[in-house]
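Asker: Return atomic coordinates for the entry below.
(one chain, ligands or ions: 1)
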Amino acid sequence: MEIYLHIPFCGSKCRYCDFASWPGQEALMPAYVEAVCAEAQAMAEAWPDTQAETVFIGGGTPSILPPELLDRLLDGVLRRFPLAPGAEFTSEANPGTLTAAWLETALRHGVNRLSMGMQALQPELLRTLGRRHTFADVEASVRLARAAGIRNLSLDLMFGLPGQTEADWAESLDAALSLEPEHLSCYGLIPEDGTPLKADLDAGRLTLPEEETERAMYDTAIRRLAGAGFAQYEISNFARPGFACRHNIGYWRRVPYIGLGAAAASCLPGRGEGIESVRTTNPAGIRDYIAMAGAGDWSRRAVETVSPEDARFESMMLGLRMNEGVSEEDFRRMHGVSLTSVYGPRLRSLAARGLVEHADGCWRLTRRGMDIQNSILVELMED
Ligand code: SF4
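Answerer: From the prediction side, this is the model:
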C-alpha cells in the first residue's frame, strides 16, 4: 500500500499555486497533527495489517512543521502503517525552511528521500512565481540534507515561465545539475484560474513564452539530462539509474493508496458488483478536516466509485505518462482482460500514425505522441 500525508501549511502563498495550502495557519498545526493521527487510526481499522511500501509527505510545506509535531505525526501514522522492509519514504521540503533538527526527526522515522522545490535559478523568475527562496537557499538546504544523510534527493524545476528565455532554462538545468541530485522533475507551468499569476497573464502584465519556445525548453531538458546520465521515465520525471520515484510509479500503475490529511485522496479496492475501486477525497479546508476527524465522521469525504471500464481507462491514461508505457501483463492481471481486447484497434490505428509503439509487451507513446497526449487519450476512450 502507498501512503500519502498532506501538510497544508506554507510560509506564504506562491503566485501560481492552487494547491490545498495556506500561510498563517500555524496555530492549527497541533490540532491538525492529531486529526491526521485519528484518520490513520480509522483507516488502519478499515485496512488492518497494512504495511507502507512507500510513504510520501507532500504539501504545502512539510518542512515548516516544527520537529516535535513532525515527530508526533510520524509516530502516529507509522504505528498504524509500519514501513515495509526497503520502503521508499519521501518528504517534500522547501529551500530555506529545512533545519538540522527537522531532518534528524524525519530520518529517525525512516525518511530516505527528499524532494525540494528549486523551480528556477534566476531571482527575477523566482519573484514572478512568488517563491521566497534564492538559489543560495537551495544550495544551503542541499548541503544540510546531504550532511544529515539523505542519499536520494530530487529537485523540482519549472519551465514555460513568464519572461523565461531558453538560455534561462538551460542555466537553471545546469545549476540544478551542479547540486548533483539523483532525481529531477521538470514541470511546464500551467496557469491555474484564481491565482495572482493567472490574473497578471489575463491582464497582459505578464506574457508566457511561445508554445514553440516551451517545446524547445522541454527538448533541452530531455537532451541535457540524458547527457548527464538521467533517464526520463515519465513525462516530467528524470532519474539516475535506480532512483525513479517508486511512490509516483505506483500511482501511475494504479497501486492502491491511502491519503491522510486535508484534501488528500485515497483509492482503494472496491467491494461490490461493478465497483473496481473507490476513491475518497477529504475536505480541503484545514478547519473542516480537523472537524471531520474530531467527530470521526468520515462520511464527510467525497466518494467516487470507479467502474471496471473507468479503471481500464485510468490504467491507459496514467500508464502512458511513463516512458515504459502500459504493460500488457500488468493490465491483464489488474483488469482480468487483455489490453488488446479492449484497446487493440485504437492502438493499432495510433501506431500506424507514429503516435504509439509496441515493444517488450508494453504500449507506449512515441515522442510525437507525447506532444499530443490528450487527444490520444480522447481517441482511446471506450464508446
Ligand atoms: S510552497 Fe508549494 S504548496 Fe506552498 S504555496 Fe508555494 S507552490 Fe503552493
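Asker: For the rest of this, base every contact and every neighbour count on C-alpha atoms.
Answerer: Fine.
Asker: Please enumerate the strands of the stretch 101-250 of the chain.
Answerer: Per DSSP state E, counting those that start in this stretch, the stretch 101-250 of the chain carries strands over the ranges 113-119, 153-159, 183-188, 231-234, 237-239.
Asker: Hmm, Thr105 and Pro67 touching each other?
Answerer: Yes - at 6.2 Å, Pro67 and Thr105 qualify as touching, with contact defined as C-alpha atoms under 8 Å.
Asker: Run a quick neighbour tally on Ser338.
Answerer: With neighbours defined by other C-alpha atoms under 10 Å, the count for Ser338 comes to 16.
Asker: Over to the one 3 residues further on?
Answerer: As a burial measure, Ser341 scores 8 neighbours (other C-alpha under 10 Å).
Asker: where's the one residue sitting closest to the centre of the chain relative to the ligand, distance?
Answerer: For the chain, the residue nearest the mean C-alpha position is Asn248 (6.4 Å; C-alpha atoms, centre = their mean). From Asn248 over to the ligand the distance is 18 Å, taken as C-alpha to the nearest ligand atom, to the nearest Å.
Asker: for this protein, longest strand please?
Answerer: strand 83-93 (DSSP state E).
Asker: For that one, name the packing helices and strands.
Answerer: On a contact count with 3 or more C-alpha pairs under 8 Å, 6 or more residues apart in numbering; DSSP states H and E, strand 83-93 meets strand 52-59, strand 113-119.
Asker: The first one to strand 83-93, inter-axis angle?
Answerer: Right, the one you point to is strand 52-59. 10 degrees (axes from the mean of the first three to the mean of the last three C-alpha atoms, to 10 degrees).
Asker: Distance from strand 52-59 to the middle of the chain?
Answerer: On the basis of C-alpha atoms, centre = their mean, to the nearest Å, strand 52-59 sits 10 Å off its chain's mean C-alpha point.
Asker: again with the last one
Answerer: When C-alpha coordinates are averaged (C-alpha atoms, centre = their mean), strand 113-119 and its chain have centres 11 Å apart.
Asker: thinking again about what came up before, let's have the helices and strands packed on strand 83-93 in TSV, adding distance to Asp371, mean pLDDT and mean neighbour count.
Answerer: Output for the helices and strands packed on strand 83-93, formatted as TSV (distance: least, C-alpha to C-alpha, whole Å; pLDDT from 0 to 100; neighbours: other C-alpha atoms under 10 Å):
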stretch	distance to Asp371	mean pLDDT	mean neighbour count
strand 52-59	28	97	23
strand 113-119	22	97	24
